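1. Everything below, folded, please.
(chains A and B)
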There are 2 protein chains.
Amino acid sequence: MIAAELSSGLSGPLLQLEQQILRSQQPIEHWLRTHWLEHETPFYASVDLRNSGFKLAPVDTNLFPGGFNNLKPDFLPLCVQAVMAAVQKLCPDAKGVLLVPESHTRNQFYLQNVVQLQTILRMAGMKVRVGTLIPEITAPTQLDLASGAKLTLEPLVRRGNRIGLQDFDPCVALLNNDLSAGIPEILENLEQRVIPPLFAGWATRRKSRHFGAYSRVAADFARLVDIDPWLIDPYFGVCGEINFQERTGEECLAGWVDVILGKVRAKYKEYGIDREPFAIVKADAGTYGMGIMTVKDPADVRDLNRKQRTKMAVVKEGLSVTDVLVQEGVYTFETVKDAVAEPVIYMIDQFVVGGFYRVHTGRGPDENLNAPGMHFEPMPFDTCCLLPDPEASPDCAVNRMYAYGVIARLALAAASLELEEMAVEYEAQAERMRKLA
Amino acid sequence: MIAAELSSGLSGPLLQLEQQILRSQQPIEHWLRTHWLEHETPFYASVDLRNSGFKLAPVDTNLFPGGFNNLKPDFLPLCVQAVMAAVQKLCPDAKGVLLVPESHTRNQFYLQNVVQLQTILRMAGMKVRVGTLIPEITAPTQLDLASGAKLTLEPLVRRGNRIGLQDFDPCVALLNNDLSAGIPEILENLEQRVIPPLFAGWATRRKSRHFGAYSRVAADFARLVDIDPWLIDPYFGVCGEINFQERTGEECLAGWVDVILGKVRAKYKEYGIDREPFAIVKADAGTYGMGIMTVKDPADVRDLNRKQRTKMAVVKEGLSVTDVLVQEGVYTFETVKDAVAEPVIYMIDQFVVGGFYRVHTGRGPDENLNAPGMHFEPMPFDTCCLLPDPEASPDCAVNRMYAYGVIARLALAAASLELEEMAVEYEAQAERMRKLA
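-> Sure thing, here's the model as predicted:
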């Protein structure tokens, strides 16, 4: 078992924050229950956290989590139980589930994730088949994974307003594809329920909207547990109409970098933190850690060389970057075997069902770890993040994990608000379209 | 790890039944989901099963389960998650829970169960305190358990229509007391929600009503998975106005024993089972394995000696027996270390959260095992009963446990119907009372 160590010398304030979270467990769980009475829970999500010792915050919320294969087998029963609860709420009548994964078939790790998702759904009593968007797959194709598992990908078949496979008419389509390449026509206007909704994909989703919702959630939560919301919420700003190649919009970026570094500097001073503030500049839409850079000076975004500009201009699936998020950088001072690490928390329905560490041996505590060369390490304990031990010291692993589970669930709560807001907007747009037609 | 062995030579039909259950996993889970859409799930329950190799059936459903301490620590996260789901459904606004346990404070095992329940509820984010009905406890009393755990019992305090403790006004009262001694006045007409409802206690509950509901559930289920309902449902009959001491009602008992043994004999013949049929005679209300006897001939209930009559006449808390259930006996051919064993399955909300074996070294496969001298052994695997492995052989431990979890959940479904029926009746009675008043 690998013990992740928090190697910050600044552990004081974190312990305070964790103590506050542990002490407030009852109001926190009550607050979350109340939230889930009023808002629909996303089917699943994963949240990347950064723990700087003085601050614990989410930096990315993935609505199409792709690392179920990285969870320890111990977490499987929790996943199955949570899927049962989710299905009971979202689509109790569903028997058949069409799982639509990402189209990069060569990534063995990702394919393992698809196998694992299929296993979880099957153990929860669903009939699951995998329908792929890969145009080259025109007949059921069995992949033999390196692990020994087998995965059958089948071509999607559209019949009227229903999506399915050759001889499979599912009740619900579960997306594990973040739609970076846009919304495929074959998935539009379906009469079946699509989970998460199509607009949750990166074709339309914006990180700024998520973190806007998160700021509201964090403010509420901070009031509840009586902390400075900054301790769990990174500052951010957003610039539209950026063109890295043509170097337009750089002034907006530099302006936000300046504002955010200034605000962080003030907070570091307030808390006596002797660190250099930094900001992360990343595409407002998109994922896979592309188009991400660390900046410590507004000049950094003005003086991009050609290579940097090319890197920033495009994310996954060639999606070009026009909207850019500037976010306060949160140091991660957790390490696994001396390599920099950040926790990734997995949730199904309203429940934390597991987690692991993303580890990068070639990166520093102020850099994005979601990059080639990363690997994953299991969480250093057997039970799950849900189980705080009031008898143990607040900085023991189990209690640290409870705090992680709480912050991850706040990001999940933010995602629910974000998706609601988008649903209202897309409904209004559709209404306008109908009137024009 | 202890492997329970099924030592029956008659494993053929069981494998068939299990195969049928495994093969029907998707319709079964769908059927259960649909059931829980229409009926309120009991907060918790445990079910005693008997597995004769040719038949797998529940023989007792406990709505106030008292053995959470016997579950392996591995099951704790599942318990916590299930409590979170139950609270979200039943009483999302609850923060404080008053746990009302049994009054026999000397049983260290039972006290451990109370501690464990308190831990589970606390880990789920509830504020829990324990209010006792023991009249001698007039101030908070800390018990130091043999395990090292501490348990504080406090006297109940009634204020108007609210129940609580000295400085504790809970949102909900959770009974872990089966009310064999009757419904305590202090718990009547509360404005807080009482879970399970008072009428679920043995003061008013009848096993015959439960098994009547179970027969309906089993018939439905048998149609769903295409089996003979007898394979999962024991025959039963009930006699009222029995007085063991005065020897009235014996003819009714002997009559039912005759009918049931005859029906079982016919089924044994149909399935080529070379065993002697037997019946269990037990109080229709009450628990703790008192007032239970094995009979193989109608004459057995006519020729009771004084000792047997005294034993049958009274169950827990001196409740005298007037209504008697005659139930088809189900052999148990499971053994743990050569001793006769029966599985006990624990559920919270709609989820199987664990189980263990009740083992008795001094009893035979046709006897009640819930008797002094019994002990408990953990289930022989790490993951939970919810996880069938379609790749493994149907008689491997994991798949056997899935079948156990299904049958236990059928008993839970029966309990939900039973409680609904009782709620309607008690509501109608109350209405009549109001009209008379």
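
2. so residue A:44 makes contact with residue A:347?
-> Yes: using Cβ atoms under 8 Å, residue A:44 makes contact with residue A:347 at a distance of 6.5 Å. In short, each C-beta sits where N, CA and C put it, glycine included.

3. What ranges in chain A fall below the confidence cut-off?
-> Chain A contains residues with pLDDT under 70 at A:1-14, A:287-290, A:314-319, A:380-387, A:389-398.

4. ok and the residue in the stretch 51-200 of chain A nearest chain B?
-> residue A:125 (2.4 Å; Cβ to the nearest Cβ).

5. Quick check: the residue of the stretch 201-350 of chain A nearest chain B.
-> Counting by Cβ to the nearest Cβ, the stretch 201-350 of chain A gets nearest chain B through residue A:350, at 7.3 Å.

6. Distance check, residue A:248 against residue A:309.
-> Taking Cβ to Cβ, to the nearest Å as the measure, residue A:248 and residue A:309 are separated by 12 Å.

7. Neighbour count for these two, which is higher?
-> The neighbour count for residue A:248 versus residue A:309, taken as other Cβ atoms under 10 Å in any protein chain shown, is higher for residue A:309 (15 against 12).

8. Assess the claim that that one and residue A:245 are in contact.
-> Yes: with contact defined as Cβ under 8 Å, residue A:309 counts as touching residue A:245 (6.1 Å).

9. close enough to count as contact, residue A:176 and residue A:103?
-> No: in this structure residue A:176 lies outside contact range of residue A:103 using Cβ under 8 Å: 10.9 Å.

10. Those two: which has the busier surroundings?
-> For residue A:176 versus residue A:103, the count of surrounding residues by other Cβ under 10 Å is larger for residue A:176: 21 against 17.

11. who's in contact with the more buried one?
-> Listed by Cβ atoms under 8 Å, 6 or more residues apart in numbering or on different chains, the contact set of residue A:176 reads A:64, A:65, A:66, A:99, A:100, A:101, A:102, A:113, A:114, A:117.

12. Name the residues linked to it by a beta bridge.
-> Beta-bridge pairing of residue A:176 under DSSP bridges involves residue A:101.

13. now do residue A:325
-> residue A:238, residue A:282.

14. what's near enough to touch it?
-> A:207, A:208, A:211, A:236, A:237, A:238, A:281, A:282, A:283, A:284.

15. roughly how far apart are the residue nearest to residue A:367 when sequence neighbours are not counted and residue A:131?
-> If the residues on either side of it in the chain are set aside, residue A:367 comes closest to residue A:294, at 5.5 Å by Cβ to Cβ, 6 or more residues apart in numbering or on different chains. Relative to residue A:131, residue A:294 is positioned 39 Å away (Cβ to Cβ).

16. Say whether chain B is contacted by the helix of greatest length in chain A.
-> Secondary structure assigned by DSSP state H gives helix A:397-436 as the longest helix of chain A. No: judged by Cβ under 8 Å from any Cβ of the partner chain, helix A:397-436 stays clear of chain B, getting no closer than 9.1 Å.

17. which other helices and strands contact that helix?
-> Secondary structure elements in contact with helix A:397-436, counted by 3 or more Cβ pairs under 8 Å, 6 or more residues apart in numbering or on different chains; DSSP states H and E, are helix A:11-23, helix A:25-38, strand A:44-51, strand A:56-62, helix A:207-225, strand A:339-348, strand A:351-360.

18. show me what contacts residue A:109?
-> A:67, A:69, A:70.

19. mind checking the SS state of it?
-> helix (DSSP: H, G, I helix; E, B strand; the rest coil).

20. Over to the one 4 residues further on?
-> Under the three-state scheme (three-state DSSP), the conformation of residue A:113 reads as helix.

21. which non-adjacent residue is nearest it?
-> Residue A:113 sits nearest to residue A:69 (Cβ to Cβ, 6+ apart), 4.5 Å away.

22. Contact partners for the one you found?
-> By Cβ under 8 Å, 6+ apart, the neighbours of residue A:69 are A:109, A:112, A:113, A:115, A:116.

23. Out of the residues you listed, which end up buried?
-> Buried residues within these, counting neighbours by 16 or more other Cβ atoms under 10 Å in any protein chain shown: A:112, A:113, A:115, A:116.

24. Which two of those have the greatest separation?
-> A:113 and A:115 (7.3 Å; Cβ to Cβ).

25. OK, contacts around the nearest residue to residue A:29 once chain neighbours are set aside?
-> With Cβ to Cβ, 6+ apart as the measure, residue B:125 is the residue that lies nearest to residue A:29, at 2.4 Å, once sequence neighbours are left out. Taking Cβ under 8 Å, 6+ apart, we find residue B:125 in contact with A:25, A:26, A:28, A:29, A:30, B:84.
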